[in-house]
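Novice: Sharing a model prediction with you, sequence too.
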Amino acid sequence: MKDGVNGVALGVFVFFFLAVTVMGFLAARWRKAENEHSLDEWGLGGRSFGTWVTWFLLGGDLYTAYTFVAVPAAIYAAGAAGFFAVPYTILVYPLIFTFLPRLWSVSHKHGYVTTSDFVRGRFGSKGLSLAVAITGILATMPYIALQLVGIQAVLDVMGVGGGEDTNWFVKDLPLLIAFGVLAAYTYSSGLRAPALIAFVKDTLIYIVIAVAIIYIPIKLGGFDHVFAKADEAYQAINPTTGKHKGALVPGEAGQWTYATLALGSALALFMYPHSITATLSSRSREVIRRNTTILPLYSLMLGLLALLGFMAIAAGIKVTNPQLAIPQLFEDMFPDWFAGVAFAAIGIGALVPAAIMSIAAANLFTRNIYKDFIKKDATPAQETKVSKLVSLLVKVGALIFVLTMDKTVAINFQLLGGIWILQTFPALVGGLFTRWFHRWALLAGWAVGMVYGTVTAYGVASPTNPAQKHFGGSAAEIPGIGEIGYIGLTSFALNVLVTVVLTFVLKAVKAPEGVDETSPEDYTADAGDAGVRDLPKVGAGAH
């Protein structure tokens, strides 16, 4: 690690940061709406984005700074088990091809802004809608916090903020400035800001990975040497656990964990509110279908990115926090100016998803808590104002989380968020294809999945840190099978089981079903189809 502040890298980082800040504020004039006081305009970009804007927006949304830092960090720390992120991002695209166009169509037809809007309209249940909204907000908060952790990791490696003995305000000032800028242009421009900035973010990331995957192995003596050094490091015994530190190839004992984590993560990814927000901003269902075919390009990038974990080992990177391994690798291996480009890619890679996540969480609160339960006669302008304010509060909450708590806590809660958000799958995806599930059964299944997942995750101790007795991982023994698997998928299976059984029971006793405000043709309608209403420019937040 270099001593002091890396002035050149910091200068390049600041240049790109200022550039995207200007773009963020100018985005308010990009495709400017006739009336911006509606959630359709502020929170969904006017539902006007085409194929490439949506592609960059979804890519910027799903492949975050945390992805950039954490995937290779997992491989750096534990070996090939960290590659689970690659197959799950491959599995997810055929899956979403089947249901995202249907969600877009019915949302366009009825003016739905959130998944909870759809659930309420489909099942006639504000209680189920509230459960989905609360789950989405809870799962999103630590995800936003982790984007700020990504920025903080880059700032630490550049030497910005001083050492551990530095006054807390001086140490955290750069992060506070980054947060303030993010909050300001998100408030001003809404979803248009991250949509525009995503072009810069993804371009930088592709450039950095393309250079890194060629330049770093050459400096290290080739991939043969990289893999040999990594294998040698994994064979060493961890004094805390008494086991090998990792494996270049996953062992048989970890196969259930690997497979269930990949499958469960694939099912959960597009349940997150920010994924749906980016999806509903598209101008047609055909845009969604095209994106499911070209988004796998990001999975190729992710596979190459994961290899950086092996390179960090071969380069002799020594860090106490694995999240710092890749930023440190970049600083040690690249010229200072290009290290600055790499750090800018990570930093901007945090700003884009953090903005979308805060907008998505704010939309959930506004439409499915504020409007449904607090002020039922809220106008579109009032909805937009509340959503803007809540987006600020969400970011403030994430910032406080990062500044006051151990970073491992944020990671643990993000893992828990994945378990939680998966429990909304039956109501959302099931509802897109069938009305058979009973609304009360779906609510009971959601509750069982949430409780089981949370309690089980609470009982998992960290395998590497004896002091961490709770929320130490996302895998535990699967009841009845005896194998170790992803807690989220086990919770999901229980959720579905309870939902199916209770649906039979409730239908048998003729429990009230609720009113379905959708019709079969709503799920295949496109923007230009007859019968699909054009969303109004004024008051577009109407139901």
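Specialist: Cool, got the structure.
Novice: okay, now residue 94: neighbour count?
Specialist: For residue 94, the count of nearby residues is 12 (other Cβ atoms under 10 Å). Every residue, glycine included, has its C-beta placed from N, CA and C.
Novice: For the residue nearest in space to the middle of the chain, give its distance to residue 68.
Specialist: Note on the chain: the residue nearest the mean C-alpha position is residue 62, at 5.3 Å, using Cα atoms, centre = their mean. Taking Cβ to Cβ, to the nearest Å as the measure, residue 62 falls 12 Å from residue 68.
Novice: So the residue nearest to the centre of the chain sits against residue 275, correct?
Specialist: Yes: shown here, residue 62 and residue 275 form a contact pair, counting by Cβ atoms under 8 Å, at 6.5 Å.
Novice: Give me the phi and psi for residue 477.
Specialist: Backbone geometry at residue 477, expressed as degrees, to the nearest 10, gives phi -70, psi 130.
Novice: which residues does it form a beta bridge with?
Specialist: Here residue 477 sits in beta bridges with residue 484, as judged by DSSP bridges.
Novice: about what we covered before: which residues does the residue nearest to the centre of the chain contact?
Specialist: 89, 269, 275, 295, 298, 353 (Cβ atoms under 8 Å, 6 or more residues apart in numbering).
Novice: Excluding sequence neighbours, find me the nearest residue to the second one.
Specialist: With sequence-adjacent residues excluded and distances taken as Cβ to Cβ, 6 or more residues apart in numbering, residue 269 is closest to residue 92, at 5.1 Å.
Novice: quick one: buried residues of whatever helix or strand the one you found lives in?
Specialist: Element membership for residue 92 (DSSP states H and E) is helix 85-110. Buried residues in helix 85-110, counted by 16 or more other Cβ atoms under 10 Å: 85-93, 95-96, 99-110.
Novice: Also stretch 452-459?
Specialist: With burial defined by 16+ other Cβ under 10 Å, the residues of stretch 452-459 counted as buried are 452-454, 456-457.
Novice: Output that stretch as CSV, nothing but the C-alphas.
Specialist: The C-alpha coordinates for stretch 452-459 follow below in CSV (Å, rounded to 0.1, in the frame of the first residue of the first chain):
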residue,chain,number,x,y,z
TYR,A,452,-37.9,-18.9,9.1
GLY,A,453,-35.3,-17.2,7.0
THR,A,454,-34.6,-14.5,9.6
VAL,A,455,-34.4,-16.9,12.6
THR,A,456,-32.3,-19.4,10.7
ALA,A,457,-29.9,-16.7,9.5
TYR,A,458,-29.6,-15.3,13.0
GLY,A,459,-28.4,-18.7,14.2
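Novice: Tell me the gap between that stretch and the middle of its chain.
Specialist: The gap between where stretch 452-459 is centred and where its chain is centred comes out at 21 Å by Cα atoms, centre = their mean, to the nearest Å.
Novice: quick one: contacts of that stretch?
Specialist: By Cβ under 8 Å, 6+ apart, the list of residues contacting stretch 452-459 reads 415-416, 419-420, 423, 470-471, 473-474, 476, 487-488, 490-491, 494.
Novice: on that earlier part again, next, format the buried residues of stretch 452-459 as a markdown table and append distance to residue 289, pLDDT and secondary structure.
Specialist: As requested, these are exported to a markdown table (distance: Cβ to Cβ, whole Å; pLDDT from 0 to 100; DSSP: H, G, I helix; E, B strand; the rest coil):
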| residue | distance to residue 289 | pLDDT | secondary structure |
| --- | --- | --- | --- |
| 452 | 35 | 97 | helix |
| 453 | 32 | 95 | helix |
| 454 | 36 | 94 | helix |
| 456 | 37 | 95 | helix |
| 457 | 36 | 92 | helix |
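Novice: which one of these is nearest residue 314?
Specialist: Residue 314 lies nearest to residue 457 out of the buried residues of stretch 452-459, by Cβ to Cβ, at 33.8 Å.
Novice: what's the distance between the closest residue to residue 217 other than its chain neighbours and residue 327?
Specialist: Leaving aside its chain neighbours, residue 217 sits nearest to residue 223 (5.3 Å; criterion: Cβ to Cβ, 6+ apart). Distance, residue 223 to residue 327, by Cβ to Cβ: 22 Å.
Novice: If you count surrounding residues, which of the two has more?
Specialist: Between residue 223 and residue 327, counted using other Cβ under 10 Å, the more crowded position is residue 327 (26 against 15).
Novice: And for the helix or strand where the more buried one lies, what's in contact with it?
Specialist: Using DSSP H and E, the element containing residue 327 is helix 325-333. Residues from elsewhere that reach helix 325-333 (Cβ under 8 Å, 6+ apart): 1-2, 6, 9, 68-69, 72-73, 76-77, 153-154, 156-158, 208, 212, 215-216, 219, 308-309, 311-312, 315, 317, 319, 339, 342-343, 346.
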